[in-house]
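In: give the three-dimensional model of this entry:
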Amino acid sequence: MSTSDSASPAFRTLAELERAGAARVPSAVWDYIQGGAGEERTRAANREAFHRCALLPKLLAGVERIDPTTTFLGSSVAVPFFLAPTAYQGQVHADGEPGTFAAASEAGVLAVLSSLSSFSLEATAQASGESPRWFQLYLQPEFSRTVELVQRAERAGFRALVLTADVPLLGVRDRQAQEGFGIDAPVPLGNGPEFVSPARGPTREGTSYRLRAEAASDWGVLGKLRSVTRLPLVVKGVLRRDDARRAVDGGAQGIIVSNHGGRQLDGAPATLDVLPGIVEEVGGRAEVFLDGGVRRATDVLIALALGARGVGIGRPVLWALGADGGAGVARYLRLLTAELVNSMAQLGVSTPADLRPDLVRG
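Out: Numbering: from 1, shown residues only. This next block holds a predicted model:
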């Protein structure tokens, strides 16, 4: 699970990363990583939104040094991006989540652990040392089970709970279904067989369909979670201004603008397109983050300039993990950080706080 470079790294540039992952990850797992819902319009829209934007660099801006550090919910981090929660990392590479989190810790990067991790949250926390980490939470059919996960996360030193609210059940993922990943062959989970994923479909009752019990939750669940934990709450999956307002009114200290990487409702908007409106709606009452379609450092800068506090990265981390385990993730983070510093210098900004909407045309 070493995070040091191998003698002959699987990739030397960010441009090689996706190809390097594809060469080493089993095809069924690769289709799970790459796939989106339905016709994958939303997955494509996430990238197209960044492609529509141009950066407008400032000349002779008096930049003497670059400092990419920032804070997320009061925790200092080395860069304004973080590792978004992604499931089943042990299927991608034997290093799994401990390898990913060890690499993130080495780089000073915040990482978010999925409820559907291959390794337990305790084992992953041990690998990540004292670096900041958050735990992504799926509600369980019995709230007592949800509380158990929350308490384990607290004991293991996770600093925030990320409630994923956009999965009443799994989206229709054609590419994943064609390979049978996680459908015909259930994937083992690290946090225990008693904890369930949101994979179970609706049950027909006459002319209607009933969803799983945890899908029936309303905004009152934020109050229930606040009553059982002191950890700050972050609501993930927000695409509407009114939902952002309800989340903050319910006590959320953070919001992640996310469409689940285009894996849930096909036809949902690109996250970058709705980000400015949600930032305006929140009005500084909570920190606003974004994920979806982020590939290069310039994508990070665009999202920050449009109001995001930080930017989550999902698929590229899995590409790096698949290419070379924890060492691949470590190399990826070094390459992305170097590109970030380079791009900030060329844009004419010294810190993430210097990024403003006037630096983006789109």
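In: where do the helices sit along the stretch 1-150 of the chain?
Out: Ranges of helices in the stretch 1-150 of the chain, per DSSP state H, counting those that start in this stretch, are 17-24, 27-34, 41-51, 89-92, 96-107, 121-128, 143-155.
In: from those helices, which stretch is densest packed?
Out: helix 96-107 (a mean of 26; mean count of other Cβ atoms under 10 Å). Bear in mind the C-beta positions are built from the backbone N, C-alpha and C, glycine included.
In: what helices and strands are in contact with that one?
Out: helix 89-92, strand 111-113, helix 121-128, helix 315-347 (3 or more Cβ pairs under 8 Å, 6 or more residues apart in numbering; DSSP states H and E).
In: tell me the most buried of those?
Out: strand 111-113 (a mean of 27).
In: low-confidence ranges, the stretch 1-150 of the chain, go.
Out: Residue ranges of the stretch 1-150 of the chain with pLDDT under 70: 1-7.
In: next, format the helices of the stretch 1-150 of the chain as TSV and append distance to Ala10.
Out: Shown next, in TSV, are the helices of the stretch 1-150 of the chain (distance: least, Cβ to Cβ, whole Å):
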stretch	distance to Ala10
helix 17-24	4
helix 27-34	15
helix 41-51	23
helix 89-92	13
helix 96-107	14
helix 121-128	21
helix 143-155	32
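In: so what's the residue in the chain sticking out farthest from the centre scoring on pLDDT?
Out: No residue in the chain sits farther from the centre than Gly206, which is 38.0 Å out by Cα atoms, centre = their mean. Here the pLDDT value assigned to Gly206 is 73.
In: how about the helices of the stretch 1-150 of the chain, which one is nearest Val329?
Out: helix 96-107 (3.8 Å; Cβ to Cβ).
In: show me the contact partners of that closest one.
Out: 1, 3, 78-79, 83, 89-90, 93, 110-111, 113-114, 117-119, 123-131, 133, 190, 317, 321, 325-327, 329-330, 333-334, 337 (Cβ atoms under 8 Å, 6 or more residues apart in numbering).
In: show the contacting residues for the residue nearest the centre of the chain.
Out: By Cα atoms, centre = their mean, the chain has its centre lying nearest to Ala84, at 2.0 Å. For Ala84, the contacting residues are 112, 291, 312-314, 317, by Cβ under 8 Å, 6+ apart.
In: returning to that earlier point: could I get the helices and strands packed on helix 96-107 as CSV with distance to Leu355?
Out: Listed next are the helices and strands packed on helix 96-107 as CSV, based on distance: least, Cβ to Cβ, whole Å:
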stretch, distance to Leu355
helix 89-92, 31
strand 111-113, 22
helix 121-128, 28
helix 315-347, 8
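In: which one of those lies nearest to Arg230?
Out: So among the helices and strands packed on helix 96-107, helix 121-128 is nearest, using Cβ to Cβ, at 17.3 Å.
In: ok and that closest one relative to helix 96-107, angle-wise?
Out: Interaxial angle, helix 121-128 versus helix 96-107 (axes from the mean of the first three to the mean of the last three Cα atoms, to 10 degrees): 30 degrees.
In: alpha carbons of helix 121-128, in PDB - could you do that?
Out: Extracted in PDB, the C-alpha atoms of helix 121-128 (Å, rounded to 0.1, in the frame of the first residue of the first chain):
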ATOM      1  CA  LEU A 121     -14.200   3.000   8.100                       C
ATOM      2  CA  GLU A 122     -11.900   2.100  11.000                       C
ATOM      3  CA  ALA A 123      -9.300   0.500   8.800                       C
ATOM      4  CA  THR A 124      -9.400   3.400   6.400                       C
ATOM      5  CA  ALA A 125      -9.100   6.000   9.200                       C
ATOM      6  CA  GLN A 126      -6.000   4.200  10.600                       C
ATOM      7  CA  ALA A 127      -4.400   4.500   7.100                       C
ATOM      8  CA  SER A 128      -5.100   8.200   6.900                       C
END
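In: strands of the stretch 151-300 of the chain, residue ranges please.
Out: 161-164, 203-205, 208-210, 233-238, 254-257, 287-291 (DSSP state E, counting those that start in this stretch).
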